[in-house]
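*Asks:* okay, predicted coordinates and the sequence, questions at the end:
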Amino acid sequence: MDNGNLKSLVIIRYRRKSTEGDERQIASLADQASALNDIERHLNITETQILDDVEESKSAKLPGRFGFNKQVIDPIEQGKANAIICWHADRLSRNAMDTAVLVNLMDTGKLHAVITNQQIFWNKPMDKFMLALMCGQAKLENDNKGINVKRGLNGKIRKGWRPGVAPIGYLNNKTKEKGERDIVIDQEKFPQVRKLFDFFLTGNYSVRKLREVVNTDFGIRTRKTRKEGGKPLSISHVYHILGDPFYYGSYSWRNAETGCYDLHKGNHTPMITEEEYRTVQAILGHTERPQPKKRMFAYTGLIRCGECRSFVTAEEKWQLICGVCKRKFASEYRECCPFCDTSIEKMPHKKVLHYVYYHCTKKRMAHCSQRAVRLESLEAQIDDKLRRVAIKEKYMYWALDVLKEQMKEDRTIWKQAGTSIGREESKLKEQLTELNWFIIKQENDGWTLMKKEDALQQRDQLEADIKDSEEKRKEQGKKVEQCLIASTDLFDYAQHARFWLQEGTVEQKRNVTKALGSNLTLKDRRFNADLEYPLPEIAHMLEIAPEMSQEFEPTKKQEKKTFSTSFREKIPSLLPG
């Protein structure tokens, strides 16, 4: 073994890049080849010393590279070569096993040197240590990258953004920095994919027929990338779109600890509703759907049975009308019609039926006679209650303007009251100061004019009176704003409650019903509620002046104006209330 003698070396050139793409590599294969040529010229290594030139595209994170094992290690084991030249030590190994192989070859005298752009590692103790250290450092960097990537992915999930490439119809927002990028709507493809769902929801299209329509009529194409894309959708891609919960606002992501896929709520703009998504799964005949385990219903836990006082719960049913035998059956957990064995997925002209029923849980009385009521009927009755307190938009603005005018007068009155309280507070503080001086003087004189206990008790009383005075003065300033906020909330509810009931989210519908009143009951399929004050006052005023009542859907906000109407004199009690 000739340590330090370059002319005695038989060398294998080794170049490697991982499989992630040239643009993400430290140096491409061509760049590495140029660097190795420069090293050979600098060290006067001749072409006759080069046994082989090996290149491969394979990650060194794990052992098992074919080119490294068969074309580099085996010739050295067989004595055909005794040196390796590469651009950097991390090109040879990023894992402990391959590093151990290289060091072992040096220990057995078969590997004389590893030549890199930075230095030559001869078969010497310190050089072997440095070679193992640099390969170990490459492994550490690789491990840290994995940890950092996982941390970044978990951060995006916590923020409500699905990691990875956005599905068709959406785009990854590259205008923001890495780690802060969100998902936005693709203005071109979003309406096209929405139309795909609309066509499939009719029940008149199979997936194969739907694919033909979207590819020919809609012109939907896969996302164009540097190497591929811009192609018509495949059948599997259409299936993936129809079954992806991302389009209704959620996404599934694998849990690293359990290995299972969890459903997360996304912050992106949904394309369809959850109801439409579930209908699509019923049309497809999916027995298992990636959806939340617990379904949220708007009115559960709010309404009690009018007969047994148990809470009212909700239950949903999915049914299909077979397009072949025209018979109706429960479609949940079924893949075909129970009457004619036609596959749900291939069934032509099928019709999906979805019902939500509210009924008594019967926990307090097992033989409760109350029957279930359909969601549509229940919401119609709640809407009828809200109709009694619904006011016009222009009246809301008028009432708020009048309230603000009154608040100005009240502020003046409360300001005067606050001034009076402030004067009394100043007097109390003066008395407390005098009392403190008196206590100090009597302490020095030996308490001849008054008992010490009585003086301290009087001081405690003065301090308590001053504290009460300060709190009273602060409350005077808050009353005006609190009154205005409460009045604004009341009129906002009276003007928009019916709209929120029809068009709002589950949480908005729940809040609207909860604010309606107390003792919400359901008996004989009739919904009842005791209106909370001041809603009965508004209902009474609407009976006196029906012209105050509003249409169903609020109009666009008009310019605020103060005006006089025929009902203004009829309802003087509203303003004090």
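*Replies:* Sure, I can see it.
*Asks:* find the nearest non-adjacent residue to the residue nearest to the spatial centre of the chain, please.
*Replies:* Among the residues of the chain, Gly160 comes closest to the average C-alpha position under CA atoms, centre = their mean, at 2.9 Å. With sequence-adjacent residues excluded and distances taken as CB to CB, 6 or more residues apart in numbering, Gly160 is closest to Asn267, at 3.5 Å. Where you see a C-beta, it was placed from the backbone N, CA and C, and this is true even at glycine.
*Asks:* excluding chain neighbours, give the residue nearest to Asp127 in space.
*Replies:* Nearest non-adjacent residue to Asp127, counting by CB to CB, 6+ apart: Phe121, 4.4 Å away.
*Asks:* quick one: the one you found is in a strand?
*Replies:* Yes: per DSSP: H, G, I helix; E, B strand; the rest coil, Phe121 lies within a strand segment.
*Asks:* count of residues packed around it?
*Replies:* The tally of other residues near Phe121 (other CB atoms under 10 Å) stands at 25.
*Asks:* that one pairs with what?
*Replies:* Assessed by DSSP bridges, Phe121 has beta-bridge partners Val114.
*Asks:* okay, now Ala138: neighbour count?
*Replies:* Residue crowding around Ala138 was assessed by other CB under 10 Å; the count is 21.
*Asks:* what does the residue nearest to the centre of the chain show for phi and psi?
*Replies:* Gly160 has phi and psi values of phi 90, psi 20 when expressed as degrees, to the nearest 10.
*Asks:* pLDDT weak spots in this structure?
*Replies:* 1-3, 19-27, 179, 257, 286-294, 402-421, 448, 473-484, 548-577 (pLDDT under 70).
*Asks:* what residues go with each domain of it?
*Replies:* Listed domain ranges for the chain are 6-155, 170-284, 304-380 (source: automatic domain parsing).
*Asks:* export these to TSV and append columns for distance to Ala455.
*Replies:* What follows is these, written out as TSV (distance: least, CB to CB, whole Å):
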stretch	distance to Ala455
domain 6-155	64
domain 170-284	65
domain 304-380	60
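*Asks:* Met347 and His354: what is the separation?
*Replies:* 17 Å (CB to CB, to the nearest Å).
*Asks:* so for these two, which sits in the more crowded spot?
*Replies:* Met347 (22 against 14).
*Asks:* could you look up the SS state of that one?
*Replies:* Met347 falls in the coil class when you classify it by three-state DSSP.
*Asks:* the closest residue to it other than its chain neighbours: neighbouring residues, count only.
*Replies:* Distances taken as CB to CB, 6+ apart put Gly323 closest to Met347, at 4.9 Å, once the chain neighbours are dropped. Per other CB under 10 Å, the neighbour tally for Gly323 reads 18.
*Asks:* count of residues packed around the residue nearest to Gly160?
*Replies:* Counted with other CB under 10 Å, Asn267 comes out at 12.
*Asks:* helix or strand for it, just tell me which one.
*Replies:* In the assignment (DSSP states H and E), Asn267 maps to no helix and no strand.
*Asks:* may I have the phi/psi pair for it?
*Replies:* Torsion angles, degrees, to the nearest 10, at Asn267: phi -100, psi 0.
*Asks:* got it, and Ile12?
*Replies:* phi -110, psi 120.
*Asks:* that one and Ile85 touch, don't they?
*Replies:* Yes: look at Ile12 against Ile85 with CB atoms under 8 Å: they come within range, at 7.4 Å.
*Asks:* one step back: list the residues that contact the residue nearest to the centre of the chain.
*Replies:* Residues near Gly160 by CB atoms under 8 Å, 6 or more residues apart in numbering: 264-268.
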